[in-house]
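Visitor: dropping the sequence and predicted coords here.
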Amino acid sequence: MEDSRHIENLIYLYAELIDAGELDAVAELFRHGEIVAPGANNAVTKGYQAVLHMYRSATRIYPDTGTPKTRHLTTNVRVEVDGDKAQASSYFTVIQATEALPMQPIISGRYSDEFEKVDASWRFSRRSMFVELMGDLSAHLLFDADTLA
């Protein structure tokens, strides 16, 4: 498989894992990387423990499913590989439906990702999350969404 496809698969794997409520596996994707939130005072979260803490303290997990009852849709993926480094950009839209919330888009934006190839495997080195559109995040987040903008 081409390097660009491996990288694209990592981008999609992130979405699948978070929608499955597998926050420990999401954090594992960033064991050697960091997540940057430019809209949230350029907050930087580095490494497995910090990323796991961030997602556990932010993401509402519903006991009946063990998931956040979301679907992260990732589109417009562009990957550029340069040796053992790569960059990618993509859009994200998150939809959610709960017993109290009819299905609807709740947030949208874009990712700017950096990757590195180590021991013949690609991994995230940095993900910047740019929030551009927000809807009703009250059923998804455990904190006030105004801090994202």
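Guide: Received, thanks.
Visitor: tell me the mean pLDDT over stretch 140-147?
Guide: Taken as a whole, stretch 140-147 has a mean pLDDT of 83.
Visitor: buried ones in the longest helix along the chain?
Guide: Ranked by residue count, the top helix of the chain under DSSP state H comes out as helix 3-19. For helix 3-19, burial by neighbour count (16 or more other Cβ atoms under 10 Å) applies to Ser4, His6, Ile7, Glu8, Leu10, Ile11, Tyr14, Ala15, Leu17, Ile18, Asp19. The C-beta positions use only the backbone N, C-alpha and C, and glycine is treated the same way.
Visitor: now those residues as a markdown table including distance to Gln104?
Guide: Below are the buried residues of helix 3-19 laid out as a markdown table (distance: Cβ to Cβ, whole Å):
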| residue | distance to Gln104 |
| --- | --- |
| Ser4 | 33 |
| His6 | 33 |
| Ile7 | 30 |
| Glu8 | 27 |
| Leu10 | 28 |
| Ile11 | 24 |
| Tyr14 | 22 |
| Ala15 | 18 |
| Leu17 | 22 |
| Ile18 | 18 |
| Asp19 | 16 |
